[in-house]
Structure formats: structure tokens, C-alpha cells
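S.K.: model the structure of this input:
(chains A, B, C and D)
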2 protein chains.
Amino acid sequence: MAKTDLIKDLGPISQRTMADVVEKELREYLKKKLFKPGDALPSELELADALGVSRNVVREALSRLRMLGMIETKKRRGMILSTPDILGSFERVLDPLIIDDGTLQDIFELRLTLEMGLADILYLRKKKKDIAELEAIAKSQDPGGKGQAFRINNEIAFHGKIYQMTGNETLMRFQNMLLPIFGYVISLEKVPQIGKVSHVDLVNILKDGTKEEFRQGMHEHLKPHFNRLK
Amino acid sequence: MAKTDLIKDLGPISQRTMADVVEKELREYLKKKLFKPGDALPSELELADALGVSRNVVREALSRLRMLGMIETKKRRGMILSTPDILGSFERVLDPLIIDDGTLQDIFELRLTLEMGLADILYLRKKKKDIAELEAIAKSQDPGGKGQAFRINNEIAFHGKIYQMTGNETLMRFQNMLLPIFGYVISLEKVPQIGKVSHVDLVNILKDGTKEEFRQGMHEHLKPHFNRLK
DNA sequence: TTTTGATTTATGTAGGACATATATACAAGT
DNA sequence: ACTTGTATATATGTCCTACATAAATCAAAA
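M.R.: Modelled structure (predicted):
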């Protein structure tokens, strides 16, 4: 039998550690028992006892859940289930330097997709005050060629403001996390190109134009990025 | 001074545990030292020694990074930095039952935003074969009123296929994770309403229509959901 | 040379010990 | 009655030691 066959047939034995198992077990336990935020968990010792592992292992598993914000622990009072910050875990991993190129590209496209899909919610929630602020940002753009750093910051401020205008906190934080990746992918460009529709143009559409016009404007604004897609 | 003021002014003292600190420290260390995937880390004992904490604490921190997929460990060979599965951590936390209502709503809107923004990439990558498959799914819809369960599964299959057609693996997995939440929010509706544009209509647009037509069609299809937004 | 076996080393797991913070109860002071 | 102080029990946080286990390296044997 060829070696490749062996690999396919047997495969590497799953080397899950006890902490892995316990983590999964605990998660299922919480789910099955319909734990709700605020409910108290058994003590570490009780868990270790019930699971037949050392307290060390239980602590490693709990430490993971604690990192995700799924549980909070107070001395003596014990541990309680809490509502995790869903983006917190995301944030920890989102580093352009350790993400593989394929995923990096995927996230870049995800960002473009969001940007193109924002119009509906944006038009539902935009307020005059916000538009004024957005306009201020747009008009502060490159008054005399202040250079690359300013341009990038201004770009971030403008698009960030748009997300903020949706009133969707999660969405805003999400795009904020995507910024480094966006910046990283763009930095790979040889010649940075700028779309025909400027920030000021977009603001004007936002003031008087329709959703569809805004969407088209945004597409034109992002055109250089779309052009790079394959 | 009122009690509420007290709470706002003082707040709870951050009781960060050593594991929290070490986790952060390690993450910064990896970043500062420009560790790349595949590079070997110092041993647990060396880390504990350098940081002046017990091996236990180091292990808790490492356990977290391991869960995120940032590091892999082999016995004797030590630990190596690896490229994390960015959505893996997300998946762990995405449970409608423990996420607070505000975030739930945010994610619902995020999903709608994605759906509305897909057109560009979809039209860039759609293939005849995929459209045929999509059509098959659309036409299998509710041949004789098979009931709720079938309708939901079909809905998932249809929209899932659209995401798959973008060729963006991350995007597809992402939407797949969002499904439970989408389903949960929708289940809160009293009377499930269906948009005027059906799946079959969308397929037909995809075959002959333009991006803009598709976007409009999708909006019409999702109209009941958009109508619920405030 | 190839295979087998011994050695070394880092991780995985267990268990014990103790400090620390805090909920609870109770006592004391106003 | 209400606050304030004290004592106790308890669960977590941290450290330490010990040992099993797997794997890389090297030595010995076929």
C-alpha cells in the first residue's frame, strides 16, 4: 500500500487535549442546561470532580471562556455566565501579519460588500447633523497636499463616520477592526488610484440624492478597488 | 452625590488576572518580535521564568492563544505560531441565547447590509453552472406547501448558494454563522411576511438582468425585513 | 545503511498548598 | 432601625512538585 493511501486512510490522530474536551463539554453543558446570562456556574472543584479531571484542566478551559467574555468570575461568589462581546474575540485575531493572503483578500471583499450595502440603512437613519459633520470631514481633505498620512487618516475618518451614521454599533466596530486589513491590502498596490467620485461628491448625494444614486456614487468611489478584483 | 454618579465616576476596579496580563504580553511579544507563522516559541518554562510567573499562568494564557489558533503545540518540539482561523473564535461566541438583544439586532442588520452589497462581486463571479443550481433550489420551493421547516431550509439553501457563488470562502462561512441569529430574530416575528420578489424572480434577474436590477430585486425580496427596521 | 533502542526534553495532567477576596452571619455602636 | 465592624467559610488565583507521554536526537546493533 502506498504511503499516500496510508495517510488518507488513517490520518493524524486527533490530539485534542483535555482542556479542549472540557471546553467543548462546558459549552454544551451551558447550552443544554439553558444557562442564561447571570446564572451561576458550579465551582471549579465541582466541575473538575464531575468531569474527572484535574482542576488545572478545568481552569484552562474556563480561562478560554473567560477570555471570550462568556463567563465572569468573582472570588468566593463563583462564576456567572455573561453576554460575550462578540467582536472581542475577533479583534484578537485580526492581524494582517498572521492572516493568510487568501483570507486577507476575502476580508477585503467583505469590506467592499458592506460598503456597497450600507445605503439602505444609511438612508433610514441619516440625520442632518451627521451629514454636516461628514461634510466637514470631506472638505478638510487634502487642502494643500498634506501627504500620504493625512490622506489615509482622512479616508478612515470619512468612511468611519458613514458607518457611525448607520447607528449600528456592531457594524461600526466591525469596520474599525477591518481597517488595518484594508490598509494593508491597499498598501500592496503599486500606484494608489482614486475614484472619480470624491468624498465631497458623496456628501452632496447624501444631501439631495437617492439611495440608488448614493450606491452608484459609492461604487464609482471604490472603483479602483473593484477593478482589482478577479 | 447620587449613587449613579458614583458608579459612573469610579467604576469597578479592573481585576485583571495574571493570565490576562500574560496573554496580552505574549501577544505583544509575538508582534514586536515579528514572529511569522511557523516560527518556534520559547518553552513554557522559559516564558514563565522570563515573565516571573508560574508555569500555570503561562499555560492558561497559551491555552487561550491555542484556542484562537494562533499557536500550535507539539510535544517536545515546542510551540509554533500559526495562522488562526479568524472565524473560529467568532463561531464560539455566536449563540443567539447569550447575545444581548441590541447586538442581535445589529447583526441582523449586518446580514441585510451584506445581502444588499453582494451584487457587485456576484456579477463578477457568477457562472452558468451555479445559476442553474440556484434555479433548481428556487424551483424546489414549496411545491405543495410543505410547511415551515421546508420553507426555512429552502431559504437557507438559496441564500447560502448566493454567498457561495461569490467565491469568497470567508464571506460564505460568515453568513453561515449568522444563520442562527437571522433565524432567531425572524422567529420573533408574529406574522412571517414574504417579499414580492421570489427566489425564482431573483434567478431570472441573475440570468438576464443587470446588477442594479438584481439589487432592487433583492431589496424587494427583503422588504419585509427592512420594513421592520427603525 | 537501515533499523532498533536509549536518552533527552517540552508538553499534558494531577494534586497539594496557601493567599486573597468576599458573601454571610453576627455583634456592636450610633 | 440602620450603619459599621468582626469572624468565618468558601471559591478563585497563584505557585510548586511530580510524573506520564510524545518526539527529536543520538547511539548501538543488524
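S.K.: going by C-alpha atoms from here, please, whenever you check contacts or count neighbours.
M.R.: Fine.
S.K.: now the closest residue to chain B within chain A: closest residue in space, sequence neighbours ignored.
M.R.: Proximity of chain A to chain B (C-alpha to the nearest C-alpha) peaks at residue A:117, 3.7 Å away. Spatial nearest neighbour of residue A:117, chain neighbours left out: residue B:117 (3.7 Å); criterion: C-alpha to C-alpha, 6 or more residues apart in numbering or on different chains.
S.K.: contact partners for that neighbour?
M.R.: By C-alpha atoms under 8 Å, 6 or more residues apart in numbering or on different chains, the residues touching residue B:117 are A:112, A:113, A:114, A:115, A:116, A:117, A:118, B:215.
S.K.: could you pull out the strands in chain A for me?
M.R.: A:71-74, A:78-81 (DSSP state E).
S.K.: and the ones you listed as TSV, adding distance to residue B:86?
M.R.: Compiled in TSV, those are given as follows (distance: least, C-alpha to C-alpha, whole Å):
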stretch	distance to residue B:86
strand A:71-74	21
strand A:78-81	24
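S.K.: which of those strands sits closest to residue B:48?
M.R.: strand A:71-74 (23.8 Å; C-alpha to C-alpha).
S.K.: for DNA strand D, which of the strands of chain A is the nearest?
M.R.: Shortest distance between DNA strand D and the strands of chain A, using C-alpha to the nearest atom of the strand, is found for strand A:78-81: 3.7 Å.
S.K.: now the strands of chain A in TSV, with mean pLDDT and mean neighbour count?
M.R.: Compiled in TSV, the strands of chain A are given as follows (pLDDT from 0 to 100; neighbours: other C-alpha atoms under 10 Å in any protein chain shown):
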stretch	mean pLDDT	mean neighbour count
strand A:71-74	89	17
strand A:78-81	88	18
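S.K.: of those strands, which is nearest DNA strand C?
M.R.: That would be, of those and by C-alpha to the nearest atom of the strand, strand A:71-74, which comes in at 5.9 Å.
S.K.: would you map the helices across chain A?
M.R.: Using DSSP state H, the helices of chain A run over residues A:3-10, A:18-32, A:44-51, A:55-67, A:86-93, A:101-117, A:119-125, A:128-139, A:148-165, A:169-187, A:199-208, A:211-228.
S.K.: can I get the fourth one in PDB, CA atoms only?
M.R.: Translated: helix A:55-67. Written as PDB, here are the backbone C-alpha positions of helix A:55-67 (Å, rounded to 0.1, in the frame of the first residue of the first chain):
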ATOM      1  CA  ARG A  55      -8.700  21.500  38.500                       C
ATOM      2  CA  ASN A  56      -5.800  22.600  36.300                       C
ATOM      3  CA  VAL A  57      -7.500  21.400  33.100                       C
ATOM      4  CA  VAL A  58     -10.800  22.900  34.100                       C
ATOM      5  CA  ARG A  59      -9.100  26.200  34.700                       C
ATOM      6  CA  GLU A  60      -7.600  26.200  31.300                       C
ATOM      7  CA  ALA A  61     -11.000  25.700  29.700                       C
ATOM      8  CA  LEU A  62     -12.600  28.300  31.900                       C
ATOM      9  CA  SER A  63      -9.800  30.700  31.100                       C
ATOM     10  CA  ARG A  64     -10.700  30.400  27.400                       C
ATOM     11  CA  LEU A  65     -14.400  31.100  28.100                       C
ATOM     12  CA  ARG A  66     -13.400  33.900  30.300                       C
ATOM     13  CA  MET A  67     -11.400  35.400  27.500                       C
END
